[in-house]
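Visitor: sequence first, predicted model second:
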Amino acid sequence: MASASPHDERIVLLAPRGRDAEVMGDMLVRDGAACATVPDFPAMATAIAKGAGMAIVAEEALHGADLAPLLAWLAAQEPWSDFPFVILLGKATGPAAAGARARLEELGNIILLERPLNVQTLRSAASSALRARRRQYQARDLLAESERTAAHLQQSQQALLTLNETLESRIEERTRALAEAKDRLMNEMIERERVQQAMVQFQKMEAVGRLTGGIAHDFNNLLNVVQGSMDLILLLSKDETARARAEIALRACQRGGKLTSQLLAFARKQNLDLHPAPVQELFDGVRELIAASLGSRIALRFEVAPGCAQVFADANQMEMALLNLAINARDAMEDGGRLLFQAANACPPDGLLPAADYVRIAVSDDGPGMPPELVAKVFEPFFTTKEVGKGTGLGLSQVYGMAQQSGGAARILSQPGDGTTVEIWLRAWDGGEVLAPLPVPAAAADTRPGSRILVVEDDNFVRESIVLSLEAFGHAVIQAADGEAALRELRHARPDLIITDYLMPGITGAELMQRARAVFPGIPMIIATGYADMQAIDAVLGEDILLRKPFQLAELARSVERALGRGGPRAAL
């Protein structure tokens with residue numbers, strides 16, 4: 001039997017308008033089908049040539065389409081093959097639509113479905129087309145088997161006729177075949193070793209990610225203690241020298257908080273915090289780090305066009321993306337070169353993004369470039385051209401995912417010998433409302449004194465820092481070192497507010513919130529965390545407040561005021 005491609009029964013979807021392709025793909029995938037969405041007919045021809053069971057094509061994709069590559073492939077089909085198409089017809093209006101409909105016959109084996117159509121109709125058509133394609137594969141396999149059988153019989157007859165005359169040559173041939181089999185076996189062993197090394201590398205990176213997340217969590221706790229202490233000094237101390245040194249330490253804590261945020265980006269997927277950000281500030285934020293990473297062999301330049309709009313992005317994730325691109329360019333330019341970061345207002349190419357105002361951020365190097373077949377794959381997760389141990393293949397996929405989640409896009413322009421340009425297209429800020437910056441700690445008179453607050457934190461230093469801060473605001477504070485101790489305190493009396501860590505031994509902060517609500521429905525809570533399962537928190541957070549470590553005293557004060565009833569709706573700080 002002929003070896004089957006893993007794509008032999010997949011469904012190729014071409015529906016360029018709206019969300020038709022996405023909706024149909026989701027429905028067919030739920031039915032167990034493999035689907036591939038393509039943007040145009042040349043891409044469809046390429047996808048079909050790689051292996052497919054059928055294609056579903058929206059009629060409007062025929063308007064002005066270049067069918068030549070697809071028709072050439074259809075004309076070159078094997079005798080057993082008659083590739084099926086399901087054409088989704090719309091209401092024919094105008095000469096263009098009529099002309100496109102007239103071209104349907106050129107595709108050969110077609111099934112016409114008029115829209116609107118129900119799910120069952122599409123499922124039935126797809127199932128029928130795939131069954132027909134499977135019968136074609138069976139015919140192919142039978143023909144191939146027949147040809148092999150006939151060739152084998154002929155070879156056997158010839159061997160019998162020349163047995164005495166060709167004995168020596170057949171021994172030589174057999175010896176050569178055994179050598180080739182040995183070579184194949186050695187190649188398979190080498191390939192297996194390569195795959196095992198790649199798996200070990202992946203497992204190592206996964207373990208490093210978990211370790212990084214744990215380190216970042218502990219580091220956040222330490223930063224929170226130092227930052228809280230510095231805030232208290234700034235709030236209570238009258239010594240200008242002490243205040244000046246506290247401000248220096250506070251700025252160092254803020255830099256440490258940025259570092260832990262970057263570490264957590266490697267450890268887990270974070271929710272994007274989209275805000276308007278000047279591109280120049282993004283470039284300035286990574287300039288020194290990129291320069292240190294590139295070394296002296298690579299000339300680095302940043303250019304921001306006059307009038308360049310602010311972009312709507314997560315600044316931390318964007319800086320991480322720029323760093324990833326710089327490291328990739330460095331690895332490509334082994335003998336040194338030039339790396340250019342540019343930003344300007346621009347209109348995206350047709351079909352890349354919906355019509356809107358965008359900023360194009362381009363990272364260009366003068367390295368060796370890449371052929372088209374590599375350019376088409378570089379955004380795929382785990383795809384890498386580097387040696388085992390030199391890269392995970394996740395850097396560019398993170399850049400692509402970040403751009404998509406931000407409402408933009410990413411693409412690569414490269415030719416062998418002409419260097420590489422990676423473009424990140426982000427939405428330009430339209431000048432809408434922006435959240436005001438957090439206030440600097442002023443005086444305890446701005447807080448609500450006299451409230452009874454339960455603080456749940458397993459780290460003694462962090463808990464003591466929070467308690468001291470709250471007491472400085474005039475609150476009465478009860479402490480608990482873990483969730484079980486907190487539940488015992490709740491049996492004695494109802495506090496006005498609960499502030500809890502997330503990652504604690506025993507029950508987590510999210511579980512504590514659920515059990516506390518069962519005892520005191522509606523009790524206000526704040527969950528403070530620097531490393532957490534955001535899905536678990538979001539599931540229980542409701543109208544309560546999320547406070548990210550390390551936090552400033554002003555953030556703690558504002559969160560307490562909101563939780564106690566002053567200050568409006570919840571916000572994640």
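Guide: Sure, I can see it.
Visitor: buried residues in stretch 412-427, which are they?
Guide: 412, 414, 419-427 (16 or more other Cβ atoms under 10 Å). C-beta coordinates here come from the backbone N, C-alpha and C atoms, glycine included.
Visitor: likewise stretch 80-91?
Guide: Those would be 83-89, for stretch 80-91 by 16+ other Cβ under 10 Å.
Visitor: and which of the residues you listed is nearest to Ser559?
Guide: Closest approach between the buried residues of stretch 80-91 and Ser559, by Cβ to Cβ: Leu88, at 52.4 Å.
Visitor: residues contacting the residue lying closest to that closest one once chain neighbours are set aside?
Guide: Counting by Cβ to Cβ, 6 or more residues apart in numbering, the nearest residue to Leu88 once its immediate chain neighbours are dropped is Ala58, at 4.9 Å. Contact analysis of Ala58 by Cβ atoms under 8 Å, 6 or more residues apart in numbering lists 14-17, 20-21, 88, 90.
Visitor: how about the helices in the stretch 51-200 of the chain?
Guide: Remark: helices assigned in the stretch 51-200 of the chain by DSSP state H, counting those that start in this stretch are 68-75, 94-102, 119-161, 167-236.
Visitor: so which of those is nearest Ile507?
Guide: Nearest to Ile507 among these is helix 167-236 (17.0 Å), distances taken as Cβ to Cβ.
Visitor: most centrally placed residue in the protein?
Guide: For the chain, Gly401 is the residue whose C-alpha lies nearest the centre (Cα atoms, centre = their mean; 3.7 Å).
Visitor: roughly how far does that one sit from Ala329?
Guide: 20 Å (Cβ to Cβ, to the nearest Å).
Visitor: just the strands in the stretch 451-573 of the chain please.
Guide: 452-456, 476-480, 497-501, 525-529, 545-548 (DSSP state E, counting those that start in this stretch).
Visitor: how close does Ala129 get to Ile110?
Guide: For Ala129 relative to Ile110 (Cβ to Cβ), the value is 10 Å.
Visitor: which of those two has more residues huddled nearby?
Guide: Remark: of Ala129 and Ile110, Ala129 carries more neighbours, 22 against 16, as counted by other Cβ atoms under 10 Å.
Visitor: ok, that one - contacts?
Guide: Contacts of Ala129 by Cβ under 8 Å, 6+ apart are 53-54, 84-86, 111.
Visitor: narrow the residues you listed to those in strands?
Guide: Of the contacts of Ala129, the ones assigned to strands by DSSP state E are 54, 85-86, 111.
Visitor: which among those gets closest to Ala151?
Guide: Nearest to Ala151 among these: Met54, at 31.9 Å, using Cβ to Cβ.
Visitor: the closest one touches Val86, doesn't it?
Guide: Yes. In this structure, Met54 is within contact of Val86 by Cβ atoms under 8 Å, at 6.5 Å.
Visitor: what is in contact with these two at once?
Guide: The contact sets of Met54 and Val86 overlap at 126, 129 (Cβ under 8 Å, 6+ apart).
Visitor: and Ala52, how many neighbours?
Guide: Using other Cβ under 10 Å, Ala52 has 21 other residues around it.
Visitor: ok, now Asp331?
Guide: So Asp331, with other Cβ under 10 Å, has 14 neighbours.
Visitor: in the strand or helix carrying it, what's buried?
Guide: According to DSSP states H and E, Asp331 maps onto helix 315-332. For helix 315-332, the neighbour count (16+ other Cβ under 10 Å) marks 315-326, 328-330, 332 as buried.
Visitor: helices and strands around that helix, which ones?
Guide: helix 240-267, strand 275-277, helix 279-294, strand 337-346, strand 358-365, helix 395-405, strand 420-427 (3 or more Cβ pairs under 8 Å, 6 or more residues apart in numbering; DSSP states H and E).
Visitor: give me that answer again for 7 Å
Guide: Packed against helix 315-332 by the contact rule (3 or more Cβ pairs under 7 Å, 6 or more residues apart in numbering; DSSP states H and E) you find helix 240-267, helix 279-294, strand 358-365, helix 395-405, strand 420-427.
Visitor: just the helices in the stretch 451-573 of the chain please.
Guide: Using DSSP H, counting those that start in this stretch, the helices of the stretch 451-573 of the chain run over 460-472, 483-492, 509-519, 534-541, 553-563.
Visitor: turn the ones you listed into CSV, including mean neighbour count, mean pLDDT and distance to Thr121.
Guide: Formatted as CSV, the helices of the stretch 451-573 of the chain follow (neighbours: other Cβ atoms under 10 Å; pLDDT from 0 to 100; distance: least, Cβ to Cβ, whole Å):
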stretch, mean neighbour count, mean pLDDT, distance to Thr121
helix 460-472, 19, 84, 60
helix 483-492, 16, 88, 54
helix 509-519, 18, 86, 45
helix 534-541, 15, 62, 37
helix 553-563, 22, 84, 53
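Visitor: out of those, nearest to Glu247?
Guide: Distance to Glu247, taken as Cβ to Cβ, is lowest for helix 553-563 among the helices of the stretch 451-573 of the chain, at 12.9 Å.
Visitor: now that closest one - C-alpha only, CSV.
Guide: The C-alpha trace of helix 553-563 is given here as CSV (Å, rounded to 0.1, in the frame of the first residue of the first chain):
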residue,chain,number,x,y,z
LEU,A,553,2.0,52.2,49.3
ALA,A,554,-0.2,54.4,47.2
GLU,A,555,-1.5,51.4,45.3
LEU,A,556,-2.2,49.5,48.6
ALA,A,557,-4.0,52.6,50.0
ARG,A,558,-6.1,53.1,46.9
SER,A,559,-7.0,49.4,46.7
VAL,A,560,-8.1,49.4,50.3
GLU,A,561,-10.2,52.5,49.8
ARG,A,562,-12.0,50.9,46.8
ALA,A,563,-12.6,47.7,48.6
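Visitor: next, the angle from it to strand 452-456.
Guide: 120 degrees (axes from the mean of the first three to the mean of the last three Cα atoms, to 10 degrees).
Visitor: which residues does the residue lying closest to Ala410 once chain neighbours are set aside contact?
Guide: Among residues not flanking Ala410 along the chain, Ala403 sits closest, at 4.1 Å (Cβ to Cβ, 6+ apart). Counting by Cβ atoms under 7 Å, 6 or more residues apart in numbering, Ala403 touches 409-410, 424-426.
Visitor: equivalent analysis for Leu339, please.
Guide: So Leu339 contacts 294, 298, 300, 326, 329, 365 (Cβ under 7 Å, 6+ apart).
Visitor: please name whichever of the residues you listed scores lowest on pLDDT.
Guide: Within those, Leu294 has the lowest pLDDT, namely 83.
Visitor: burial count for it?
Guide: Applying other Cβ under 10 Å, we find 19 residues neighbouring Leu294.
Visitor: that one against Ala332, yeah?
Guide: No. The criterion here is Cβ atoms under 7 Å, and Leu294 misses it with Ala332 at 11.7 Å.
Visitor: about what we covered before: check what pLDDT the residue nearest to the centre of the chain gets.
Guide: Gly401 is given a pLDDT of 72.
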